[in-house]
Structure formats: C-alpha cells, structure tokens
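1. sequence unknown, structure follows:
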C-alpha cells in the first residue's frame with residue numbers, strides 16, 4: 001500500500017497531538033516515580049509492555065526489525081563526562097508480566113526465535129545461550145501478581161508464599177513423594193524426595209550410617225563439607241544438610257520440572273541452574289567431597305561415560321558418589337543390564353563400592369594414581385592428556401577421560417584440607433597454584449573481616465535481622481568476604497569472573513561454594529533470588545572490556561529481591577555513574593562512604609549501599625485486590 005501525502009493542516013494536528021501525548025507520558029513518568037517503592041501501588045500506575053521499549057542508551061528488547069541490529073552501540077560508559085548527549089532515563093520500561101521469570105541466557109523462546117540447531121539428546125537446549133546485543137532486555141522484570149516479601153530463614157526452609165512462585169504442578173506430579181504441598185496461600189515442603197519419602201533427614205543419616213561415620217552425622221567430623229546434588233528437585237536434600245554444617249550446590253536445569261531451582265532459592269537454599277550436557281559445569285576440579293543423585297534420570301552410560309567422568313573431575317581424592325536409583329536394586333532385565341554396565345565403567349575409572357544397601361550404592365574415588373597406572377594399556381576411558389587443564393571451565397567441552405592427580409597431589413594422598421570449620425581460615429594447599437603466600441591469604445582474610453564490619457555499620461538499623469539470607473559476591477577473589485559472614489545466618493554464592501585468576505578452587509578448598517561467570521552476560525538464576533549483592537570493582541572491570549554498565553545494573557536488579565541490598569565498592573567515577581540511575585531502577589541510596597583505611601593502597605575506592613524498593617505493576621496490584 002502506498003502512503004498518501006499529508007497537507008499542512010494535517011501535519012500541524014499530528015505535531016500537536018504528539019506534543020500532547022509526550023506531555024501526558026512525562027506526567028505519568030513523574031507520577032509513577034512518586035508511587036513506586038511503596039508496597040501497594042495505585043491501580044492507575046503506568047505499566048509498560050515490550051511494545052513500548054525504546055533505545056535508552058543500553059541494549060534493548062529483542063525485536064523482529066532487522067535494522068535494529070545494525071544500530072551503533074551508544075551505551076553510556078563510566079567516567080566519560082556529562083555532556084548534553086548523556087541521556088539518563090528517569091524510568092526504565094517494565095517488561096510484560098509474561099517475563100516475570102525471565103532468565104535471559106536460559107530462555108527457550110530465544111532458542112526457538114534464533115533457530116539454534118541443538119542436540120536435544122545431549123541437553124544442549126538446557127545449556128546457556130545468551131541473546132545477542134540486539135535482543136537483550138533493557139526493561140525491569142516485574143514481580144508476579146500478589147508478590148510478598150519472602151518468608152525469612154529458617155522458616156523458609158519449610159514454606160514459601162505461593163504468590164511468589166505461582167506454580168503448583170510439582171505438588172500434584174510428586175504428590176506421592178512429599179516434595180511439596182499447597183496449603184492455602186503457602187507452599188509447604190515436608191522434606192521428601194523421590195527416593196526418600198520419609199524425609200531427607202532420615203535419608204542423610206542412613207548414608208552416614210552406610211559409611212560408618214560417627215553418630216550417623218554425614219559431615220564426618222568436618223571432613224565432608226561440600227556436596228554437589230545433581231538433579232536436586234526442590235533441594236530438600238541440600239536443605240537438610242545445612243544443619244550438619246554441610247553446604248550443597250543443588251543443581252538442576254530449567255526443564256519440565258520448571259521452577260525447582262526457583263523454589264530452592266526462594267527457600268533460602270544454595271542452588272544453581274545448570275545441566276550435565278556438553279559443557280563442563282562451572283566448578284573447578286576437586287571441589288566436592290560428595291556427589292549425589294537421587295533418581296536424577298541421567299543416562300550415565302552415554303558417550304563413553306562422559307557425565308560420570310565430569311563428576312570424577314569434580315570429586316576430591318577419596319570423594320564419594322551416592323547413587324539412589326532403580327539400577328542399584330531393581331531386578332528387571334533392563335535395570336540389571338544398566339547396573340552391570342555402570343559397575344564395569346566405574347571399575348575401569350578405579351572407583352570402588354564403599355557401601356551398598358537397599359536402593360542406594362555409594363562409590364568412592366581413589367586418593368592416588370596407583371590404580372590408574374595399573375590398568376591394562378588401551379583401557380577406556382583413557383587418562384586425560386597432560387595439557388588438559390581440569391580447571392578450565394567457562395564454555396569448555398567435557399572430555400571423556402579421567403583426570404589424574406598431579407605428582408604433588410598423588411604424593412599427598414588426599415586433599416590435604418583441614419576439617420571444617422578450620423579450613424575456612426587455614427591456608428589451602430592450592431594457594432601455591434597462584435603463587436600466593438600463606439601470609440597474603442591471612443592478610444586478605446583479616447582485611448575483609450574489617451570491611452564487612454564496616455558495611456554492616458553503614459547499613460545500621462536499615463538491615464534488620466533475618467532480612468538477608470541469599471548473598472552473592474560478584475567478584476569473590478579468595479572468598480574472604482564470604483568467610484567474614486560466617487557468624488551470620490547466610491550463605492554466599494562466590495562468583496569468580498572468567499577473565500581473572502581462577503581462584504574458585506581456593507574458595508571451594510575453604511569449604512565455600514561458587515561459580516565462574518562473565519558479567520558481560522546474564523547470570524544463570526531466576527529473577528528475585530538474592531537478598532544482597534556485593535560488587536567489588538565489577539563495574540570498572542566490565543567497563544574496561546567495553547561491556548555496558550547499564551546492562552549490568554539491569555541484570556543486578558533482575559536477580560535482586562525487592563527490599564534487597566547492594567554493596568558497590570569501586571572508584572568514585574563508578575559510584576557517580578550508578579547514582580544517576582537510582583531513580584530509574586527504583587533503588588534508594590542507603591549510605592555512601594570513602595573506603596578510607598580499609599581500602600587497598602592507591603585504590604581510591606568508595607562504598608555505595610543501595611536498597612531495592614518493592615514496586616508492583618498496575619496489573620499485578622489489581623490481581624492482589
């Protein structure tokens with residue numbers, strides 16, 4: 001259809017109409033800013049959808065307009081001055097309600113839109129696939145209808161608000177297994193699982209009993225501290241391990257059992273969205289004393305046992321794999337066949353059966369290379385090549401090979417770690433991999449102890465007891481920030497940026513958990529899953545790489561719970577930059593302070609503490625009435 005020419009009067013009417021609309025929208029922007037932050041928002045609050053998104057100097061929502069992808073990146077950069085061209089929005093658009101659980105790099109809609117050719121049998125569709133710049137989101141993720149401030153720990157272990165995660169299909173699907181039960185406005189978690197209907201606590205005690213651990217306590221007097229729970233469900237196994245001073249990384253994909261990791265994090269249980277597919281999990285070698293699979297429905301025999309070999313990479317010398325599945329006890333022909341083949345495979349991997357009872361078998365990994373050296377030539381799986389780095393993990397393909405111990409570790413005959421909690425402050429053996437001295441480690445631990453005390457003094461009464469449970473340290477270095485929080489009832493996801501020293505193995509050696517990540521991309525978690533984010537020089541780092549600091553602000557807002565806190569420790573230019581966006585993000589400044597004497601020499605760091613307000617869209621507020 002051809003366009004008709006407009007006469008002069010029509011143009012005037014159009015201009016007048018456009019001006020009127022612009023003034024009206026401007027009024028609503030101001031009005032919206034005045035009401036956001038309260039727990040009840042007037043039904044006349046302005047709500048934005050994906051169709052209203054505009055270029056705001058940052059990456060924008062995916063669009064079918066191919067011309068958009070050719071636009072030059074005009075993302076604001078830190079410290080580039082305050083010229084007239086610097087447009088700082090007073091408000092960001094709000095994503096459609098359908099995006100309230102958006103995980104940008106694990107978005108199956110994106111996979112379909114980009115027509116990615118993925119092997120579904122290898123679970124590639126559950127691995128990370130991040131949107132290109134032209135398809136990123138610059139809108140704020142709205143909470144679901146009726147959202148409430150989460151129930152506090154430890155009560156949250158057993159119950160959450162149904163409105164916060166309005167998905168009850170698991171309660172019906174797993175009704176005979178006691179995963180979860182809907183009771184009025186809450187979802188209750190009795191502590192059951194597919195293979196522990198009578199409760200995770202009894203199941204955990206039975207595993208300890210099988211291993212002859214003292215008093216049936218699985219931590220084995222502090223020698224068993226870190227656990228990987230594969231296919232964790234709603235993470236009740238990890239939840240009940242906490243009382244034994246054991247911390248589990250509960251792992252599951254965003255699969256047909258959607259929201260299981262979201263439930264885990266809402267409960268205040270450490271968890272991560274991931275899958276045993278084609279890429280190595282984002283954890284260094286020798287990170288866990290125990291791996292666990294309770295009916296996790298993983299084909300361990302596929303591709304020459306590559307998934308079992310990934311667990312082998314992650315287990316410490318002498319580490320255990322507790323496997324509860326029909327193959328371990330069922331007598332039908334297919335299960336017996338799988339059991340025979342698995343037994344042969346783990347035998348060639350030099351694992352031995354430590355215990356077997358009823359539905360569960362527990363294998364143990366060797367503590368030296370002796371068994372590997374005694375295998376017949378040509379035995380599969382082979383040993384990994386000497387140039388293979390078992391700690392290279394970001395986007396690295398799994399290998400169907402056994403990671404042998406170094407000469408040093410082979411002679412040590414074990415991990416050489418102190419029992420928990422002494423290992424938290426004892427210099428771990430792998431410090432030497434970075435050329436770090438024991439003195440450097442001890443000074444770092446002491447330094448962050450003082451910094452954390454300073455943070456809490458800055459927040460003061462603003463942060464009441466139990467407000468914080470899920471904590472993320474976005475640049476964890478050696479994990480000393482998390483170590484300083486041990487006296488508080490929190491857990492910390494220690495994130496080590498992919499482009500820095502891979503100190504994550506030091507963090508795991510301290511009895512803490514974490515993951516590798518690239519902060520130029522979105523993190524693998526649901527929205528509203530952390531109560532506190534700590535960003536030490538993260539903005540400066542990504543700005544040097546040319547990534548958008550505004551994209552990072554929006555991502556931090558996505559993963560932060562309403563009323564949650566952010567501690568930003570960075571250069572003055574970064575603090576000034578972030579403050580420009582507080583209104584648009586609906587964040588409130590709590591405190592700003594010079595780092596002073598607790599700062600590294602010549603760092604010139606400043607501390608900014610902000611709190612995210614609780615805001616609702618007009619639609620979600622109407623649904624609460």
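-> Yep, it's here. All figures in this text were calculated on a predicted structure; none of them were measured in a lab.

2. The protein - how does it break down into domains?
-> Domain assignment for the chain by the TED database gives 103-135, 155-418, 425-623.

3. Figure out which of these is closest to residue 76.
-> Distance to residue 76, taken as Cβ to Cβ, is lowest for domain 425-623 among the domains of the chain, at 6.0 Å. Quick note: C-beta positions are derived from backbone N, CA and C, even for glycine.

4. if you average pLDDT over the closest one, what comes out?
-> Domain 425-623 carries an average pLDDT of 93.

5. Likewise for stretch 288-305?
-> 95.

6. List the buried residues of that stretch.
-> Of the residues in stretch 288-305, those with enough neighbours to count as buried (16 or more other Cβ atoms under 10 Å) are 288-296, 298, 300-301, 305.

7. Report how far apart the opening and closing residues of that stretch are.
-> 19 Å (Cα to Cα, to the nearest Å).

8. Just give me how far that stretch sits from the chain centre.
-> Distance of stretch 288-305 from its chain centroid, counting by Cα atoms, centre = their mean, to the nearest Å, is 21 Å.

9. Look at residue 146 and give its secondary structure.
-> coil (DSSP: H, G, I helix; E, B strand; the rest coil).

10. roughly how far apart are the closest residue to residue 325 other than its chain neighbours and residue 608?
-> Closest residue in space to residue 325, ignoring its immediate chain neighbours: residue 295 at 5.6 Å, by Cβ to Cβ, 6 or more residues apart in numbering. In this view, residue 295 and residue 608 are 46 Å apart by Cβ to Cβ, to the nearest Å.

11. One more: residue 343?
-> For residue 343, the distance to residue 608 - Cβ to Cβ - is 57 Å.

12. cool, and residue 577?
-> 10 Å.

13. tell me which element residue 532 is part of?
-> Using DSSP states H and E, the element containing residue 532 is strand 530-536.

14. Show me what the next helix-or-strand element following that strand is packed against.
-> Reading on from strand 530-536 to the C-terminus, the next helix or strand found by DSSP H and E is helix 538-544. On a contact count with 3 or more Cβ pairs under 8 Å, 6 or more residues apart in numbering; DSSP states H and E, helix 538-544 meets helix 549-559, strand 560-571, helix 572-579.

15. who are the neighbours in contact with the residue nearest to residue 325?
-> Residues counted as contacts of residue 295 (Cβ atoms under 8 Å, 6 or more residues apart in numbering) are 193-195, 231, 324-326.

16. what does the average pLDDT come to for stretch 384-399?
-> On average, the pLDDT along stretch 384-399 is 95.

17. That stretch: which residues count as buried?
-> Going by neighbour count (16+ other Cβ under 10 Å), the buried part of stretch 384-399 is 384, 390-391, 393-394, 398-399.

18. and what of stretch 410-426?
-> Within stretch 410-426, judged by 16+ other Cβ under 10 Å, the buried ones are 410, 415, 417-418, 420, 423-426.

19. Kindly report the same for stretch 250-265.
-> Those buried within stretch 250-265 under the rule 16+ other Cβ under 10 Å are 250-254, 257, 259-265.

20. Specify the beta-bridge partners of residue 291.
-> residue 228, residue 321 (DSSP bridges).

21. circling back: narrow the buried residues of stretch 288-305 to those in strands?
-> By the criterion of DSSP state E, membership of the buried residues of stretch 288-305 in strands covers 288-294.

22. which two from those residues end up farthest apart in space?
-> Between any two of those (Cβ to Cβ), the greatest distance is 17.2 Å, for 289 and 294.

23. follow-up on the earlier one: next one: the residue nearest to residue 325 from residue 398, what distance?
-> 23 Å.

24. The closest residue in space to residue 125 that isn't next to it in sequence and residue 127: what is the separation?
-> Spatial nearest neighbour of residue 125, excluding adjacent residues (Cβ to Cβ, 6+ apart): residue 118 at 4.9 Å. The span separating residue 118 from residue 127 equals 8 Å under the rule Cβ to Cβ.

25. Those two: who's more crowded?
-> In this view residue 118 and residue 127 are compared by other Cβ atoms under 10 Å, and residue 127 has more residues nearby, 19 against 15.

26. Which residues are in contact with the more buried one?
-> 275, 277-279.

27. What is the end-to-end distance of stretch 293-310?
-> End residues of stretch 293-310 are separated by 14 Å (Cα to Cα).

28. swap in stretch 395-403?
-> End residues of stretch 395-403 are separated by 18 Å (Cα to Cα).

29. What lies in contact with that stretch?
-> So stretch 395-403 is contacted by 278-280, 285, 303-307, 309-310, 312-313, 349-350, 372, 381-385, 388, 390 (Cβ under 8 Å, 6+ apart).

30. quick check, distance from it to the centre of its chain.
-> In terms of Cα atoms, centre = their mean, the centre of stretch 395-403 is set 22 Å apart from its chain centre.

31. show me where pLDDT drops low in the stretch 251-400 of the chain?
-> Under the criterion pLDDT under 70, the flagged ranges of the stretch 251-400 of the chain are 256-258.

32. how close does residue 89 get to residue 79?
-> 19 Å.

33. swap in residue 418?
-> 44 Å.

34. ditto for residue 149
-> For residue 149 relative to residue 79 (Cβ to Cβ), the value is 36 Å.

35. what sits against the spatially closest residue to residue 226 that is not a sequence neighbour?
-> Nearest residue to residue 226, sequence neighbours excluded (Cβ to Cβ, 6+ apart): residue 288, at 4.9 Å. Contact analysis of residue 288 by Cβ under 8 Å, 6+ apart lists 226-228, 249, 314-316, 319, 508.

36. same thing with residue 236?
-> So residue 236 contacts 179, 189, 191-193, 200 (Cβ under 8 Å, 6+ apart).

37. ok, of those, which one's closest to residue 206?
-> residue 200 (10.5 Å).

38. Find the helix or strand that the nearest residue in space to residue 504 that is not next to it in sequence is a member of.
-> Distance criterion Cβ to Cβ, 6+ apart; nearest residue to residue 504, sequence neighbours excluded, is residue 496 at 4.4 Å. Taking DSSP H and E as the definition, residue 496 sits inside strand 491-497.

39. and the angle for that strand with strand 530-536?
-> 40 degrees (axes from the mean of the first three to the mean of the last three Cα atoms, to 10 degrees).

40. Residues touching strand 491-497, excluding its own?
-> 242, 247, 268, 270, 272, 469-477, 479, 481-482, 485, 502-504, 507, 512-519, 523, 530, 538, 541.
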